[in-house]
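Visitor: This is a predicted model, with the sequence first.
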Amino acid sequence: GPGGSDDTSPSAVWHVSFRASDEDTDEAGAGDPAARAAAAAAEARANAGNDAWDVFGDSRAGGAGSDAPARGGVGGGGVNDFTLGAGEGAPGDAPGAASPAPPAPLSDVGDARYWTETLGAAVCGGDFSVVSDVSGFSGESHRAEVTEKGYVWGDVVVPPELTSRLAVAIASAVKHGWPPAAVFLCDDAWRATAALWARAEAMLGCSAGEDEVVLEPSLAAFALDPAADKARRRYVGNNFGVPHRDYAVKDVRRGGGGSSRSEKNDENDDRETEATPKPPPEVLSVWLPVVDVTPNNGCMYVVPVAHDARDASTPPTFDRTGAIALAPAPAGSLMAWAGDTVHWGTACVANLPANEQPRASLAFVFRRREASCDARGAPLTKRECFGAPGGLSLKRRLEVVRHALTCFEHWYGDTRETRERLTPDA
């Protein structure tokens, strides 16, 4: 997850999932959290015994059929129970070479007309309306549910005509050799962002119209490719199949409604007890499927608070039998969880039913302005994104996309060449 923690214990990719691997290695100092994260990620890959970095068992703890506790969960068993979805042949995400950067476009990437043609959607097309009406949305009940359970899902909050256009734009970007995150160049992506932003404000207990809630620059877009997965090839936009927290518990629930650390066994014990009142989260991850989601095509899993050890372990410790699949769900459904909720995405099965398509989705992190933040980039505000009639300029949208690609290089691989090609000529 983003920075902001002063935890001196070793960190790893599960707590630092918005880090750029090339930037991490540039930071010196054994005490630096980013440097520790990069080293831990490298160690995790080196020790991996299966396609998802051996989260649920390895030769040192548990494993299939073992009664010994496995890393990441209670009890033995293989990672395939989660990362492969419902199908027998669904591959996980194997470490390997990142996808090659696309060839140089015929037109300048700084030209909105090129992107409008490439994505099949308007890019900086002038004045556009945003879908931010939250009438009928029960912000208080959703806030209570996220506080107590750690997640909420089910409401369709983005209309199907908008998600259909976003699905086409993502597919078109990939077809032309660009990463799925290029969808954030089009106006429709920001219309959807506005709809989710308004609901995040309600769930975080903030006033609409003010910049109390900001958007982290770690935007993401996913477009699963079963063929690439089967070939064990990593690619930008693939499934992130490792159970993880985006933020540490102590950074997400800092106060209000009682201290989550009021009952400890000792001064180093960060675990919450069942009787301890849970402060509402200050950080909210939001996931928007732009196609219908099923157990086959790459759904999300979350671990309810009641099944989570809520400690500082890396990988996180939880009861894997309590994990919940957020599926089936129609395109445009709201899926949100507290920033400290353990979650992961599943891969798309190799032989997907004819009436389904591989998962495509967008991901966001909204937070209260004063909450722990991503130290690698300034947050976006509603005023910046929607204050001007046409929203963000193309130059700014390209900056956002380039930064977003760096945030997940620990999983995608090096995106430097693609980012260079997304930089307009001076």
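Guide: Arrived safely.
Visitor: What is the neighbour count of Pro353?
Guide: By other Cβ atoms under 10 Å, 11 other residues sit near Pro353. To be clear about C-beta, it is placed using only N, CA and C from the backbone, and glycine gets the same treatment.
Visitor: Does the residue nearest to it when sequence neighbours are not counted fall in a helix, a strand, or a coil region?
Guide: Among residues not flanking Pro353 along the chain, Asn296 sits closest, at 6.5 Å (Cβ to Cβ, 6 or more residues apart in numbering). Asn296 falls in the coil class when you classify it by DSSP: H, G, I helix; E, B strand; the rest coil.
Visitor: so how far is Pro328 from Asn296?
Guide: Going from Asn296 to Pro328 by Cβ to Cβ, to the nearest Å gives 9 Å.
Visitor: Okay, the residue nearest to Pro353 and Ala221: tell me how far apart.
Guide: Relative to Ala221, Asn296 is positioned 20 Å away (Cβ to Cβ).
Visitor: Pick out whichever of these two has more residues nearby.
Guide: Ala221 (26 against 21).
Visitor: Quick one: residues contacting the more buried one.
Guide: Counting by Cβ atoms under 8 Å, 6 or more residues apart in numbering, Ala221 makes contact with 170, 179-184, 237, 360-363.
Visitor: Report the residue spans of this structure with pLDDT below the cut-off.
Guide: Where the chain drops to pLDDT under 70, the residues are 1-107, 127-135, 209, 256-277, 374, 426.
Visitor: Show me where it has its helices.
Guide: 21-26, 33-47, 80-83, 112-119, 139-149, 160-175, 187-203, 226-230, 249-252, 382-386, 394-406, 409-412, 416-421 (DSSP state H).
Visitor: could you pull out the strands for the stretch 201-350 of the chain?
Guide: 213-215, 220-223, 283-289, 300-302, 324-325, 333-338, 343-345 (DSSP state E, counting those that start in this stretch).
Visitor: want to throw those strands into JSON lines with distance to Arg367?
Guide: Formatted as JSON lines, the strands of the stretch 201-350 of the chain follow (distance: least, Cβ to Cβ, whole Å):
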{"stretch": "strand 213-215", "distance to Arg367": "6"}
{"stretch": "strand 220-223", "distance to Arg367": "15"}
{"stretch": "strand 283-289", "distance to Arg367": "4"}
{"stretch": "strand 300-302", "distance to Arg367": "18"}
{"stretch": "strand 324-325", "distance to Arg367": "23"}
{"stretch": "strand 333-338", "distance to Arg367": "11"}
{"stretch": "strand 343-345", "distance to Arg367": "16"}
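Visitor: looking at these, which is closest to Leu119?
Guide: strand 220-223 (11.7 Å; Cβ to Cβ).
Visitor: The strands of the stretch 201-350 of the chain: which one's closest to Val157?
Guide: Closest approach to Val157 among these is made by strand 333-338 (4.5 Å; Cβ to Cβ).
Visitor: Quick one: list the elements packing against the closest one.
Guide: Packing partners of strand 333-338 (3 or more Cβ pairs under 8 Å, 6 or more residues apart in numbering; DSSP states H and E): helix 139-149, strand 151-156, helix 187-203, strand 283-289.
Visitor: Direction included, what does it pair against?
Guide: strand 151-156 (antiparallel), strand 283-289 (antiparallel) (DSSP bridges).
Visitor: buried sites along it?
Guide: Across strand 333-338, burial judged by 16 or more other Cβ atoms under 10 Å covers 333-338.
Visitor: Of the residues you listed, which is the nearest to Glu384?
Guide: Nearest to Glu384 among those is Ala336, at 22.3 Å by Cβ to Cβ.
Visitor: ok, now which ones touch the closest one?
Guide: Going by Cβ under 8 Å, 6+ apart, the list of residues near Ala336 reads 142, 146, 151-153, 199-200, 203, 284-287.
Visitor: With adjacent residues omitted, what lies nearest to it?
Guide: Val286 (4.8 Å).
Visitor: so who does the one you found touch?
Guide: 196, 199-200, 334-336, 363-366.
Visitor: can I get those in a markdown table with distance to Ser393?
Guide: Formatted as a markdown table, those follow (distance: Cβ to Cβ, whole Å):
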| residue | distance to Ser393 |
| --- | --- |
| Leu196 | 21 |
| Arg199 | 26 |
| Ala200 | 24 |
| Leu334 | 29 |
| Met335 | 30 |
| Ala336 | 29 |
| Ala363 | 23 |
| Phe364 | 20 |
| Val365 | 23 |
| Phe366 | 22 |
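Visitor: got the end-to-end distance for stretch 385-400?
Guide: Terminal residues of stretch 385-400 are spaced 11 Å apart (Cα to Cα, to the nearest Å).
Visitor: got the contact list for it?
Guide: With contact meaning Cβ under 8 Å, 6+ apart, stretch 385-400 is reached by 109-110, 112, 115, 123-128, 130, 184-185, 187, 190, 193-194, 215, 217, 219, 380, 384, 422-424.
Visitor: returning to that earlier point: what remains of the contacts of Val286 if I keep only buried residues?
Guide: Buried among those by 16+ other Cβ under 10 Å: 196, 199-200, 334-336, 363-366.
Visitor: out of the strands paired with strand 333-338, deepest packed?
Guide: Mean neighbour count, computed with mean count of other Cβ atoms under 10 Å, is highest for strand 283-289 among the strands paired with strand 333-338, reaching a mean of 26.
Visitor: Please save the CA atoms from that strand in PDB.
Guide: The C-alpha coordinates for strand 283-289 follow below in PDB (Å, rounded to 0.1, in the frame of the first residue of the first chain):
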ATOM      1  CA  VAL A 283      -9.000   4.900   3.600                       C
ATOM      2  CA  LEU A 284     -11.300   3.200   1.200                       C
ATOM      3  CA  SER A 285     -10.400   1.000  -1.800                       C
ATOM      4  CA  VAL A 286     -13.100   0.900  -4.500                       C
ATOM      5  CA  TRP A 287     -13.300  -1.600  -7.300                       C
ATOM      6  CA  LEU A 288     -15.500  -1.100 -10.400                       C
ATOM      7  CA  PRO A 289     -16.200  -4.100 -12.700                       C
END
